[in-house]
Structure formats: C-alpha cells, structure tokens
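**Q** what shape does this take:
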Amino acid sequence: QNGEEQDNSAIKAKKKRGGIAVVQIEKVAKKEARSNGKGEDLETRLPPGLETPKYQVLIKRPAGYEIRKYEAFSVCSVSMNKPRPDASRTDAKIQNPQLGGASAFGALAGYLFGKNEDSTAMKMTTPVISSGSDEDRRMSFVLPSTYWKDVDQAPSPLSGSGVQLETDNGGTRATVMFGGFANKKDVEQRTQQLLEGLSKDKEYQSDPGASVTLAQYNDPFTPPWKRRNEVSIKVVPREK
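**A** Got it, this is the predicted structure:
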C-alpha cells in the first residue's frame, strides 16, 4: 500500500509540475503578446506561401513605426455592415460565424474560392485589410498578383454578393507592426502610437483625408505570439 501511495504522490507531483509549466508558458505568451514583439521578429510572421503586397522600407523610426513605399496591387472589398440577403448563394461557409467581421470574410472568401461569374478559384493571399469606420467600414482581400496590373481581368463578382474589385495604387505609408489578436484596445493604442509619432515627424505627415487601416496576416487559429498585425496610414512629405 505504501508503494501505491508513493506512486500516487509521484503522479500528483508530476501533474502539478506540468500544470506549473503550462501556466509559465501562458504567462510568457501573454507577455510576448503584450510587448507585441520586435520588428525583426514580426517580419518573419508572414504565413508561408501566400502572396502579399510588395513594398520597400524607406525609414525605420525610433518611435516604433516605419515608412514604406508600396507597389500597386488589387483587392476585392465588401461592406462590413450592409446586409446581403442572398449570402447563402454567394458566401463561403465560416467555421466561426460569431466572430466579428465573419459575414464580410465569408463574402470575400466565397468570391476568391470560386463563387464568382467565372467559377474561378483563386489562391488565398494576405493580409486581410479593414478600413473606414462605423457604417462605412469595409473589409478587403488582396487579389493574386495576376490581377495587380489590370483588375478588370479578375473574375466578376456574383450579383448580390456586395463584392467590389478595386485597384490600390500603392504609394507611401507609415506603419506600426504588432502581435496579438488585434483587439479593439490594441488597435487603438497602436493607432495612437502611429499618429503621435507622425505628428512629430520632420519629413512626413498624414495625407489629408486619409484614415488608418488595419492589416491582419494570420488565420484565427494562429497563437498570439506568432501573429502579425499592422496599422498604417498614407503619408506625404511634410510641408516646410
């Protein structure tokens, strides 16, 4: 019996150590998510094999943002608020429909994966881009590079899908990268960091009328310490 008690004690001790280890891992993960990683680390968090808009980093600022020069690319976009009564015909099924933006994501995924006038399935890209505010909020997927030079060559969206094809002419943007799940608080903090940094920048200022966009590079199942998000805004040379 003493032997059994010793075995049980050893098992309990092992489970306790395992539980402590899990807690420690969770603490590290939360700490890394809060710190949002370093720039060099965040740059490596792109999902492998997915196309993404091309850019050149012009300047890295000590305030934690960088100035990028983007090449032109094309997107498919949809409103995140307007109802789409025929969604069952035009949208892809979403595993977590309760998530914010799931309806818009389903519309864009449906278009990209073959629910379009040509029944053409295209490859997934990154990032998912959110822009605008309130009733004008929109979600966009980057189209495959085949259509970057001429978006009119892309398959036409199904009627009733709400999906629109657009060209982004690229240009110069100020960008802050961060990790985690890009919750509302994180996005607000990083937006404030970006705008405060630009207010003191001697070379660049926000393009008048431009708004901050959010880019999310990873799928919902990627853990927070492996995620890459960005807030960015178009900039122009500061007036002397």
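**Q** use CA for all of it now, contacts and neighbours both
**A** Fine.
**Q** who does Arg138 form a beta bridge with?
**A** In this structure, Arg138 bridges to Ser79, Ser131 when assessed by DSSP bridges.
**Q** that one touches Gly132, doesn't it?
**A** Yes. Taking contacts as Cα atoms under 8 Å, Arg138 lies within contact range of Gly132: 6.2 Å.
**Q** of these two, which one has the most company?
**A** Arg138 (20 against 16; other Cα atoms under 10 Å).
**Q** enumerate every residue touching the more buried one.
**A** By Cα atoms under 8 Å, 6 or more residues apart in numbering, the residues touching Arg138 are Ser77, Val78, Ser79, Met80, Asn81, Ser130, Ser131, Gly132.
**Q** distance of it from Gly64?
**A** Note on Arg138: its distance to Gly64, by Cα to Cα, to the nearest Å, is 26 Å.
**Q** repeat for Ser74
**A** In this view, Ser74 and Gly64 are 28 Å apart by Cα to Cα.
**Q** name whatever forms a beta bridge with the residue nearest to Ala174 when sequence neighbours are not counted.
**A** Among residues not flanking Ala174 along the chain, Ile67 sits closest, at 4.5 Å (Cα to Cα, 6 or more residues apart in numbering). Per DSSP bridges, the residues bridged to Ile67 are Ile59, Ala174.
**Q** who's in contact with Glu117?
**A** Contacts for Glu117 were tallied using Cα under 8 Å, 6+ apart; they are Pro155, Ser156, Pro157, Leu158.
**Q** from those residues, which is closest to Gly180?
**A** Top of the list for closeness to Gly180, among the contacts of Glu117 and by Cα to Cα, is Pro157 at 32.6 Å.
**Q** spatially nearest residue to the most centrally placed residue in the chain, not counting backbone neighbours?
**A** Centroid-nearest residue in the chain: Gln216, 0.6 Å away (criterion: Cα atoms, centre = their mean). Nearest residue to Gln216 in three dimensions, chain neighbours excluded: Asn229, at 4.6 Å (Cα to Cα, 6+ apart).
**Q** swap in Pro127?
**A** Tyr217 (4.3 Å).
**Q** report pLDDT for the one you found.
**A** As predicted, Tyr217 sits at a pLDDT of 98.
**Q** surely it and Arg227 touch.
**A** Yes. Counting by Cα under 8 Å, Arg227 is a contact partner of Tyr217 at 7.2 Å.
**Q** these two - which one has more neighbours?
**A** Arg227 (26 against 20).
**Q** contact partners for the more buried one?
**A** The contact partners of Arg227, by Cα under 8 Å, 6+ apart, come to Leu42, Arg45, Gly179, Gly180, Phe181, Tyr217, Asn218.
**Q** which one of those residues is nearest to Gln164?
**A** Top of the list for closeness to Gln164, among these and by Cα to Cα, is Tyr217 at 21.1 Å.
**Q** cool, thanks, signing off.
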